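[1] what's the 3D shape of this:
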Amino acid sequence: MASRVSAEESVILLGVRHHGPGSARAVGAALAQIEPDIVLIEGPPEADVLLSFAADPDLRPPVALLAHATDDPAQAGFWPYAQFSPEWIAIRHATDHDLPVRFIDLPVALTFALDRARKEREQAGEPREPQADAEADAEADAEATRHPARIDPIAALATLAGQDDPERWWEDVVEHRLPTGADALTPFAALADAMAALREDEPPHPTDDRAERLREAHMRQSIRAARRAGHRRIAVVCGAWHVPALATMPSAAADRALLAPHKSRIRIETTWVPWTHRRLAQSSGYGAGVTSPGWYRHLYAHADQPELLPRWFVKIASLLRDAGHPVSPAHVIEATRHATALAALRDRPLAGLDETIEAVRAVMCDGVDGPLALVHDALVVGDVIGEVPDAVPAVPLQRDLSREQRRLRIKPEAGARDLELDLRKDSHADRSRLLNRLALLDIPWGTPAPARESKGTFREAWRLDWQPELAIRVAEAGVWGTTVVAAAEARAVDLAICATSLADVTAVAERCLRADLPDALPVIMRVLDQRAALDTDVGRLAEALPGLVRALRYGDVRGTDTSALDTVVAGLVVRICVGLIPACAGLDDDGAKAMHRHLDDVHAAVQLLTRDRQEEWYATLDRLAARENLPGLLTGRATRILLDLGRLDTDAAAPRLARALTRGVPHRESAAWIEGFLAGGGMLLIHDDRLTTLVDDWIATTPADLFAEILPLLRRTFSTFSAAERRTLGERLRTPARAPARDATAEVFDVARADTVLPLLAEILGLTRTPAIRS
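    Numbers count the residues shown, from 1 in each chain. The predicted structure is shown next:
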């Protein structure tokens, strides 16, 4: 906080630290004392039209002002406000007392223009002039015009006070202080003097100093404009660092000359968006954030109440009990005493966050740090998310999205949560459509998650995680349409037309069906049909098929008309069946491995199609397995698939294996055949002695030099077996073979051996006589 009153006593400067509960309380007390007739606040002037919405009770912090360029929505900035932000208190004071309120920082349009100019220079590779003027220096870093990087004044003041912890010093001096009406301006004046001394002693920064001069010149011009408008009690709420520059004003002509070269024609749109405590935390990357927004919120709400600490510990106790930790009211009482005693020992006016955490560790966690992570995440930071009323101006797409969220009852929430959907229910299917449409628009509110075990395709699981930055994604997606459906359809069509491969078009078609975009589907189907007709590469056709088959299944469960897609799928299956064998000829090892993957993918996809399509595919596998001079990896795999399907039995498979392992076949090719044949698992060898013997004899008779060559292939093959399969197979090979036991028949029946079990059987059955078996 810092304050300075001009010589004419018409401008009261209230310097603050962003997001500080003590600063917020002090600003509220100061405004109540001075009773200004206008309030000026450090912030984006383009958002002035939104300040009146702060009076709406449905606008609940944390919220942020979002400003973005209309020609490039990705160029955007946020100005967050929490319940304990001094600027928010100033805004609410003005709206509650019907006072005019204005933002006075450098316009966002100018900041964006400077940023674009800097990027253009960097892309062109232009070197900076050693004696660059203020414009070039300001352009060098547009972000510095909002949050300039320089020494930390709080750390400097803490050092002067003999404290090595700036945050603790600031909390003791400011955040834990309760202002009184009589001295509401005193702390502002004291901190203003301190900031003036720091600014005098700090060496000028070649970039930040000149960039800040633009900001401060605009602030001074805004103050002059308020004076010209006839205001006599002007309250200015700004960063404490700027107070000395606003207290001693140069001539208006000098400020006009500084600002005159800087013009911008960039159109800016602004709106309020929900924010979260997690985004306020410094760990989230927000430059002016705070480490403990949840604690600060509690401190602002209860600092003037004796139950400040007990209320905080009650929250922690409730959280730990819900997590299964045994915490009683006695723990709350003892933790309060412990934190108060620590604060007294450390000569602090009030127990701070450090004291409360140490008390929780000692009293409620038995000295263990593990539960403290839960406390920090849920309470010290917190999952609070703000709310914005429907009346706030927004891009049409955002308004439509908000309507859908209300209709489907899935409002954004702070923190991630899981959502399970049953697509047989209309409301669940609608939720799935919305999430898939947003995914098409690159708005990843929800990401697919593994669903619980189910035999059907009607279950979906999503992981929902709304981040404030998604508001920018919504603004960007607004170029595709004014509603979620229209925008998703336009985006899907564009993705299909611009796709570079058949698999990419297939992926778009699958996403289109999941999102239920019937108006876009005909265009995508035409593109898909054209690409499939022109593509002769079996590998690319095989890559495209599984996605289309999945799309068919999802279309069925969602009740979508997929007749056009079914035609495309049928054509792809036919073309794959016709071209598979020629495509397998002449493949090297890498090509055979890739085709092996395609073979498995196509086979899995065909299992979901009609019987006619399956028969076409099985006939192709028959021809592939019977062909010679093709890669053994593929013919062996085809043979195994047919064996698993029951279209071959072991009597037919054994001769094929024997031919693949004959001396006339290169050992490397034989090893590849075995790899393909055994890719389905090792149970086949365990239960068929003939196949096991063939493989064992072939390995045993392989010359040593060739064995070293094929050993990596064999290791790769047998490594796919489960540990139990490898162990059982090893035991069978290690144990000498035994002749199988003869089956009991009427011709070979041993009456004497059968009689030996009769006494025990009679005892079990409770029989008194033991009949003998007679032949």
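
[2] pull the contacting residues for the spatially most central residue of the chain.
    Among the residues of the chain, the one closest to the centroid is Asp465, at 6.6 Å (CA atoms, centre = their mean). The contact partners of Asp465, by CB atoms under 8 Å, 6 or more residues apart in numbering, come to Gly415, Ala416, Arg417, Trp445, Gly446, Thr447. C-beta coordinates here come from the backbone N, C-alpha and C atoms, glycine included.

[3] highest neighbour count among those?
    Using other CB atoms under 10 Å as the neighbour criterion, Gly446 leads these with 25 neighbours.

[4] beta partners of it?
    Leu464 (DSSP bridges).

[5] give me phi/psi at Leu13?
    phi -100, psi 120 (degrees, to the nearest 10).

[6] burial check on it, number of neighbours?
    The local packing of Leu13 (other CB under 10 Å) involves 26 other residues.

[7] so it touches Ala245, yeah?
    No: counting by CB atoms under 8 Å, Leu13 stays clear of Ala245, with 9.9 Å between them.

[8] show me where this structure has strands.
    Using DSSP state E, the strands of the chain run over residues 2-5, 11-16, 38-41, 63-69, 72-81, 101-103, 234-239, 268-274, 417-422, 446-449, 459-464.

[9] quick check: which of those strands is nearest to Leu309?
    strand 11-16 (25.6 Å; CB to CB).

[10] okay, now the sheet partners of the closest one, with direction.
    Sheet pairing for strand 11-16, using DSSP bridges, gives strand 2-5 (antiparallel), strand 234-239 (parallel).

[11] residues in contact with that strand?
    For strand 11-16, contacts defined as CB under 8 Å, 6+ apart pick out 1-6, 23-24, 26-27, 30-31, 34, 36, 86-87, 90, 185, 188, 191-192, 195, 223, 227, 233-243, 246-247.

[12] who's in contact with stretch 385-398?
    Contacts of stretch 385-398 (CB under 8 Å, 6+ apart): 49-50, 53, 56, 58-64, 269-277, 399, 402, 412-414, 466, 471, 474-475, 477-478, 481-484, 487.

[13] quickly list what Glu269 is bridged to.
    With DSSP bridges as the rule, Glu269 is bridged to His68.

[14] one step back: least reliable of the strands paired with strand 11-16 going by mean pLDDT?
    Among the strands paired with strand 11-16, strand 2-5 has the lowest mean pLDDT, at a mean of 50.

[15] for the stretch 551-700 of the chain, what spans make up the helices?
    For the stretch 551-700 of the chain, the helices defined by DSSP state H, counting those that start in this stretch occupy 563-584, 589-606, 611-626, 632-645, 650-660, 667-677, 683-687, 689-700.

[16] what is the second one packed up against?
    For helix 589-606, the elements it packs on are helix 538-558, helix 563-584, helix 611-626, helix 632-645, helix 667-677, judged by 3 or more CB pairs under 8 Å, 6 or more residues apart in numbering; DSSP states H and E.

[17] could you dump those helices into a markdown table and include mean neighbour count?
    Converted to a markdown table, those look like this (neighbours: other CB atoms under 10 Å):
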| stretch | mean neighbour count |
| --- | --- |
| helix 538-558 | 21 |
| helix 563-584 | 18 |
| helix 611-626 | 16 |
| helix 632-645 | 23 |
| helix 667-677 | 23 |
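
[18] any chance of CSV for the helices of the stretch 551-700 of the chain, columns mean pLDDT?
    Compiled in CSV, the helices of the stretch 551-700 of the chain are given as follows (pLDDT from 0 to 100):
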stretch, mean pLDDT
helix 563-584, 82
helix 589-606, 88
helix 611-626, 87
helix 632-645, 85
helix 650-660, 76
helix 667-677, 79
helix 683-687, 74
helix 689-700, 76
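
[19] to His338, which of those lies closest?
    Among those, the nearest to His338 by CB to CB is helix 589-606 (61.7 Å).

[20] from the chain's centre, how far out does that closest one sit?
    Remark: helix 589-606 is offset 32 Å from the chain centroid, using CA atoms, centre = their mean, to the nearest Å.

[21] spatially nearest residue to Thr70 (excluding sequence neighbours)?
    Closest residue in space to Thr70, ignoring its immediate chain neighbours: Arg267 at 4.3 Å, by CB to CB, 6 or more residues apart in numbering.

[22] give me the neighbour count for that neighbour.
    For Arg267, the neighbour count with other CB under 10 Å is 11.

[23] circling back: got a markdown table for the helices and strands packed on helix 589-606, with distance to His176 too?
    Converted to a markdown table, the helices and strands packed on helix 589-606 look like this (distance: least, CB to CB, whole Å):
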| stretch | distance to His176 |
| --- | --- |
| helix 538-558 | 58 |
| helix 563-584 | 66 |
| helix 611-626 | 74 |
| helix 632-645 | 73 |
| helix 667-677 | 71 |
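
[24] hey, where'd the helices end up in the stretch 251-400 of the chain?
    With DSSP H, counting those that start in this stretch as the criterion, the stretch 251-400 of the chain has helices at 252-259, 277-280, 293-302, 308-322, 329-345, 353-359, 370-375, 396-408.

[25] dump the ones you listed to JSON lines, plus mean neighbour count, distance to Pro166 and mean pLDDT.
    Listed next are the helices of the stretch 251-400 of the chain as JSON lines, based on neighbours: other CB atoms under 10 Å; distance: least, CB to CB, whole Å; pLDDT from 0 to 100:
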{"stretch": "helix 252-259", "mean neighbour count": "14", "distance to Pro166": "32", "mean pLDDT": "90"}
{"stretch": "helix 277-280", "mean neighbour count": "25", "distance to Pro166": "19", "mean pLDDT": "84"}
{"stretch": "helix 293-302", "mean neighbour count": "22", "distance to Pro166": "16", "mean pLDDT": "90"}
{"stretch": "helix 308-322", "mean neighbour count": "18", "distance to Pro166": "23", "mean pLDDT": "93"}
{"stretch": "helix 329-345", "mean neighbour count": "17", "distance to Pro166": "18", "mean pLDDT": "93"}
{"stretch": "helix 353-359", "mean neighbour count": "21", "distance to Pro166": "13", "mean pLDDT": "92"}
{"stretch": "helix 370-375", "mean neighbour count": "16", "distance to Pro166": "23", "mean pLDDT": "90"}
{"stretch": "helix 396-408", "mean neighbour count": "17", "distance to Pro166": "39", "mean pLDDT": "89"}
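
[26] isn't the residue nearest to Thr70 up against His68?
    No: judged on CB under 8 Å, Arg267 makes no contact with His68 at a distance of 9.9 Å.

[27] export the strands of the chain to TSV and tack on distance to Glu543?
    Formatted as TSV, the strands of the chain follow (distance: least, CB to CB, whole Å):
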stretch	distance to Glu543
strand 2-5	64
strand 11-16	59
strand 38-41	57
strand 63-69	38
strand 72-81	32
strand 101-103	54
strand 234-239	56
strand 268-274	40
strand 417-422	28
strand 446-449	20
strand 459-464	24
